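> could you look at this predicted model? Sequence included:
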Amino acid sequence: MSTDGAGAAARADIGVVGLAVMGRNLARNLARHGHVVALHNRTRARVGELVERYGDEGEFVAAEDAASFVAALKRPRRVVVMVKAGTGTDAAIEELLPHLEEGDIVVDGGNAHFEDTRRRERDLRERGLHFVGTGVSGGEEGALLGPSIMPGGSRESYDALGPILESIAVDVDGTPCCTYVGPDGAGHFVKMVHNGIEYADMQLIGEAYDLLRQGLGMEPSDLAKVFAEWNEGDLESFLIETTATVLAKVDAATGSPLVDVVVDQAEQKGTGRWTVQTALELGVPVTGIAEAVFARSLSGAADQRRAVRDAGSLPGPSGSLSPQEAEGFVDDVRSALYASKVVAYAQGFDMIAAGSEHYGWGIDKGAMATIWRGGCIIRARFLDRIREAYDRDPHLASLLLDDYFAGAVADAQDAWRRVVVAAVRLGVPAPGFSSALAYYDALRRDRLPAALLQGLRDFFGAHTYARVDREGIYHVLWSEDGSEVRQDAEAGSHNPH
Ligand SMILES: NC(=O)C1=CN([C@@H]2O[C@H](COP(=O)(O)OP(=O)(O)OC[C@H]3O[C@@H](n4cnc5c(N)ncnc54)[C@H](OP(=O)(O)O)[C@@H]3O)[C@@H](O)[C@H]2O)C=CC1
Ligand SMILES: O=C(CO)[C@H](O)[C@H](O)COP(=O)(O)O
């Protein structure tokens, strides 16, 4: 059912601005859950189309313009903006502002950069409005049937908004995949890291596929069966299930596997890159996400790749798997995928911890694992394990230290090493598998070659170093007599060495 917004009483529970795939389906999801939904879109035809096609799914108020849209909403007004992130979001908010009043709540469900969200939250707070930067994951289908929702902003706004959002989020074991994340940019930060993990996960899946295809000569239809089988075990997840579906797909026009007719250049809208840029600022090694972003960039460097292929001057190895290696290779690759995935998630959760600490957000990592169990692209059986790990110890220094994950990686490590060696011998690029293993090995080492780097830095730039055996900051007089001098505030109380 629908009514025209012009002159209508303020009876809508919530409004949605932006009715492309995501906004339209969120609006329908809200209406299907009994909320009266006001509708607005820059191009008005989208409002009419929605009401015409889906008007019988619930109660919609089709607004003529921003003024009648806002007037149709109950106080405090709750408006979900679901438009093209960036300038689209700013334009949509600007249009609404003259009509909103103190206490009203603007929700941005787009993939905004969390620094933009911090700015918008500050600006709207100064006007007496609440701004809720909200991660929404699950794509078109999730928006309709139940996404994972990651709202930031003030606690007060969550009290007014949370019940509605929780009603449309997917439910896993009686718990909605929606919870308050933290102030200002916290929700969009967590969504950004979610997308970064999504990149890492997909890269690892791509490497597993490539290794099995190149190493064993398996066809996509056989590989689809392998992924479907893996989806019955610890790797069970939306992305593994989807991999089986995509690999099984045959192109109607050519009769070839679809994966063989798709151009091998991965695109990216920006959230993975933002994750890596932010990780660099925070000093968190998210190597799996970084490798995934760079692997997409390399795939997209079409001219360069063509030039190298045409030149034919970069030789590869001639090795192949021995019959003995080939025999256990599928299982080895599964183990390597699982261990590398543990590392990628551990790094992602480290990044959430670092962002939370830096911005003072107080994000509950176990709660994030809980709301990622359903609805979102990285939903997986595995996330139950992560939630359990943080239940056991909310301050876990690394997921890799949890007994379950430590055991899982220890069980996988021999296979993991065999797969990385095989990738090198076969000449199959596996930056995700090998960087995850390098991270694991670096993390467990007593001493790292960073000590040598410090020595080099001190030599060429007098950058100083700390010692393992006593307090203080030191420098060697390399170009003088080679003696060591203490350089910190306490230097006066000690003799130079
Ligand atoms: N697609 C997906 O799977 C996912 C998308 N998201 C995020 O959700 C948001 C919506 O995504 P999606 O539905 O794909 O749509 P798009 O990102 O393609 O955005 C289209 C919508 O934005 C509106 N819009 C664009 N520019 C402006 C402007 N200057 N002023 C007002 N409105 C504007 C369009 O209005 P008009 O009709 O007039 O052109 C239309 O409603 C994005 O921020 C996206 O990043 C989040 C999770 C998953
Ligand atoms: O937000 C999402 C899911 O939660 C989208 O899947 C994501 O935007 C896809 O990103 P990209 O186009 O960069 O692969």
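Here it is on my side, so go on. Ligands and ions are numbered 1, 2, ... in the order given.
> next, the buried residues of stretch 132-141.
Buried residues in stretch 132-141, counted by 16 or more other Cβ atoms under 10 Å: 132, 133, 134, 135, 136, 137, 138, 139. Every residue, glycine included, has its C-beta placed from N, CA and C.
> now that stretch, how far from the chain's geometric center?
Centroid separation for stretch 132-141 versus its chain: 12 Å, with Cα atoms, centre = their mean, to the nearest Å.
> is ligand 1 contacted by that stretch?
Yes - applying Cβ under 6 Å from any ligand atom, one finds stretch 132-141 touching ligand 1 at 136, 137, 139, 140.
> the second one and residue 203: what is the separation?
Relative to residue 203, residue 137 is positioned 18 Å away (Cβ to Cβ, to the nearest Å).
> and what of the first one?
Between residue 136 and residue 203 the distance, using Cβ to Cβ, works out to 23 Å.
> next step: the buried residues of stretch 132-141 restricted to helices.
Among these, the members falling in helices are residue 139 (criterion: DSSP state H).
> returning to what we had before: which of the residues of stretch 132-141 next to ligand 1 lies closest to ligand 2?
residue 137 (3.4 Å; Cβ to the nearest ligand atom).
> would you confirm that that closest one contacts residue 376?
Yes - the pair residue 137 / residue 376 is scored as a contact, 3.5 Å apart, by Cβ atoms under 8 Å.
> next, show the common contact partners of those two.
147, 148, 194 (Cβ atoms under 8 Å, 6 or more residues apart in numbering).
> what's near enough to touch the second one?
Shown here is residue 148, whose contacts under the criterion Cβ under 8 Å, 6+ apart are 135-138, 142, 169-170, 177-178, 194, 371-372, 374-376, 379.
> top of these by neighbour count?
In terms of neighbours by other Cβ atoms under 10 Å, the contacts of residue 148 top out with residue 135 at 32 neighbours.
> what secondary structure does residue 96 sit in?
Here residue 96 is helix, with the state taken from DSSP: H, G, I helix; E, B strand; the rest coil.
> pLDDT wise, what is it at?
Per-residue confidence at residue 96 stands at 98 (pLDDT).
> got it, and residue 9?
pLDDT, residue 9: 78.
> if we can go back for a sec, among the contacts of residue 148, which ones are in strands?
Using DSSP state E, the members of the contacts of residue 148 that fall within strands are 135, 136, 137.
> looking at those, spot the one nearest residue 152.
Using Cβ to Cβ, residue 135 comes nearest to residue 152 of the ones in strands among the contacts of residue 148, at 8.2 Å.
> what's across from that closest one in the sheet?
residue 150 (DSSP bridges).
> contact partners for it?
111, 148, 149, 150, 151, 181, 187, 188, 190, 191, 192, 194.
> from these, list the ones also adjacent to ligand 2.
With Cβ under 6 Å from any ligand atom as the criterion, those include residue 111 near ligand 2.
> of all the contacts of residue 148, which comes closest to residue 72?
Of all the contacts of residue 148, residue 136 has the smallest distance to residue 72: 22.7 Å, by Cβ to Cβ.
> check whether the helix or strand hosting residue 90 comes into contact with ligand 1.
Using DSSP states H and E, residue 90 sits in helix 87-96. Yes - for helix 87-96, a contact with ligand 1 is found by Cβ under 6 Å from any ligand atom, at 87, 88, 91, 92.
> give me the distance between the last one and residue 181.
Separation of residue 92 from residue 181 (Cβ to Cβ) stands at 22 Å.
> of the two, give the one with the bigger neighbour count.
Taking other Cβ under 10 Å, residue 92 and residue 181 do not tie; residue 181 has more neighbours (31 against 24).
> is that one in contact with residue 190, as I believe?
Yes - in this structure, residue 181 is within contact of residue 190 by Cβ under 8 Å, at 5.3 Å.
> now for those two: what residues contact both?
What both residue 181 and residue 190 touch, as defined by Cβ under 8 Å, 6+ apart, is the set 135, 150, 152, 363, 368.
> write out the residues of the chain neighbouring ligand 2.
Counting by Cβ under 6 Å from any ligand atom, the chain sits next to ligand 2 at 111, 137, 139, 195, 268, 269, 271, 272, 376, 377.
> one step back: and the residues of stretch 132-141 next to ligand 1, which is closest to residue 246?
Nearest member of the residues of stretch 132-141 next to ligand 1 to residue 246, counting by Cβ to Cβ, is residue 139, at 14.3 Å.
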